[in-house]
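Q: sequence first, predicted coordinates after that:
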Amino acid sequence: MEFKEKPKFVYHGSPNGDIEEFIPRVSLGSGEKFGPLVYASDDIAVASVLTANPKITWGSGFTNEGEHYAWMPMTREEFKKIDKGGWIYKLDSENFSTQSGRGMEEKEWASSVPVKPIEKIRIESSLDEMVKNGVKVYFIDEEGYERIKNYGKIAK
């Protein structure tokens, strides 16, 4: 895969607004494979998705056409009741690199050293910010969630 030129800045989204410095950590999922890292993206849409904190299992990704989507196993109304927004942190990309085979490929940048934010942007509504940044947000029922959860599993 061919990677684009390194951006000047990358963004990290979080429901937490009191981060003074990002410390490398092992992420959930495939993090053990790559060790402790600070993750960010040059795509602010990716960061906007990560401001959400629905306190349940949810997910996001990209279609083959490159459209960003997020799915939430609840109704829009339920999400809006708990949507407290979050923060998007702007970081200097100096110590960040991208790697084929890791997470979101060229949209994911990582640093193995601590990083202090240059700017912190308050997001009032995660849903509004995702939509503003072109993320397609899907609210699904329990049956849809089970289909996604079991997607790719081989039936026995």
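A: In hand now; what should we look at?

Q: by mean pLDDT, flag the weakest helix or strand of this structure.
A: Taking mean pLDDT, DSSP states H and E as the measure, helix 31-34 is the helix or strand of the chain with the lowest mean score, a mean of 70.

Q: tell me the helix or strand right after it.
A: Towards the C-terminus, the helix or strand next in line after helix 31-34, according to DSSP states H and E, is strand 38-40.

Q: hmm, who's touching the top helix by length along the chain?
A: If you go by DSSP state H, the chain has its longest helix at helix 142-150. Applying Cβ atoms under 8 Å, 6 or more residues apart in numbering, the external contacts of helix 142-150 come out as 57, 59, 71, 73, 140. Placement of C-beta: from N, CA and C, glycine included.

Q: neighbours around the fourth one, how many?
A: Neighbour count for P73, taken as other Cβ atoms under 10 Å: 22.

Q: doesn't G59 make contact with it?
A: No. Contact criterion Cβ atoms under 8 Å: P73 and G59 do not qualify, at 9.4 Å.

Q: overlap in contacts, these two.
A: With Cβ under 8 Å, 6+ apart, P73 and G59 have no common neighbours.

Q: quick one: the strands in this structure, in order.
A: Taking DSSP state E as the test, the strands found in the chain are 9-14, 38-40, 59-62, 68-72, 86-92, 109-111, 119-123, 136-139.

Q: contacts for the fourth one, please.
A: By Cβ under 8 Å, 6+ apart, the residues outside strand 68-72 that reach it are 43, 45-46, 49, 52, 54, 56, 58-63, 79, 130, 133-140, 144, 148.

Q: tell me, what residue is most central in this structure?
A: Against the mean C-alpha coordinate of the chain, by Cα atoms, centre = their mean, the closest residue is L50 at 4.1 Å.

Q: now do the contacts for that residue.
A: Contacts of L50 by Cβ under 8 Å, 6+ apart are 12-14, 86.

Q: closest to W109 out of these?
A: Distance to W109 across the contacts of L50 (Cβ to Cβ) is lowest for H12, with 9.6 Å.
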